[in-house]
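> got a structure for you, letters missing:
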């Protein structure tokens, strides 16, 4: 009986410790937020179809990095930094594409030009 209690406690706590090391809620939430920004830009017309496709590929790249980092069961500080950097770069790409004055307001696949002064 003396040996069973510590063994049961170890069996319960060990998986929880491993799960805690690969848990990345901030990364996951940021992925969701960035995907929402891309969808909002596509639906509002501030992103063209080509820009949307490129940004979605960039999101997939960040997701692939996260999957590789979590594969060994431990996310180190260096790996977290790499994921954070990839998300920063992607966030900047999203901002730049949404504000580059290329629009597709009528969603016909062509870039709408501003008809103002030249």
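It's in. Just so you know, these numbers come straight off a predicted model, no measurement behind them.
> what secondary structure does the residue sitting nearest the centre point of the chain sit in?
For the chain, the residue nearest the mean C-alpha position is residue 31 (2.8 Å; CA atoms, centre = their mean). Recorded secondary structure, residue 31: helix (DSSP: H, G, I helix; E, B strand; the rest coil).
> who's in contact with it?
Applying CB atoms under 8 Å, 6 or more residues apart in numbering to residue 31 gives the contacts 59, 62-63, 66, 87. To be clear about C-beta, it is placed using only N, CA and C from the backbone, and glycine gets the same treatment.
> Try it again at 10 Å.
Applying CB atoms under 10 Å, 6 or more residues apart in numbering, we find residue 31 in contact with 24, 59, 62-63, 66, 83, 87, 90.
> how near is it to residue 85?
14 Å (CB to CB, to the nearest Å).
> Equivalent analysis for residue 93, please.
13 Å.
> before we move on, what about residue 52?
23 Å.
> Output the below-cut-off pLDDT ranges for the protein.
1-21, 113-118 (pLDDT under 70).
> got the residue ranges for the strands in it?
In the chain, no segments count as strands under DSSP state E.
> could you pull out the helices for it?
Counting by DSSP state H, the chain has helices at residues 4-22, 25-44, 49-70, 77-98.
> re the thing from before, okay, residue 52 and residue 85: which has more neighbours?
residue 52 (17 against 12; other CB atoms under 10 Å).
> The closest residue to residue 109 other than its chain neighbours - how many residues pack around it?
Ranked by CB to CB, 6 or more residues apart in numbering and with sequence neighbours excluded, the top spatial neighbour of residue 109 is residue 49, at 5.4 Å. Neighbour count for residue 49, taken as other CB under 10 Å: 14.
> ditto for the one 5 residues further on
By the other CB under 10 Å criterion, the neighbourhood of residue 54 contains 15 residues.
> Just to check, it is in contact with residue 41?
No - using CB atoms under 10 Å, residue 54 makes no contact with residue 41, being 11.9 Å away.
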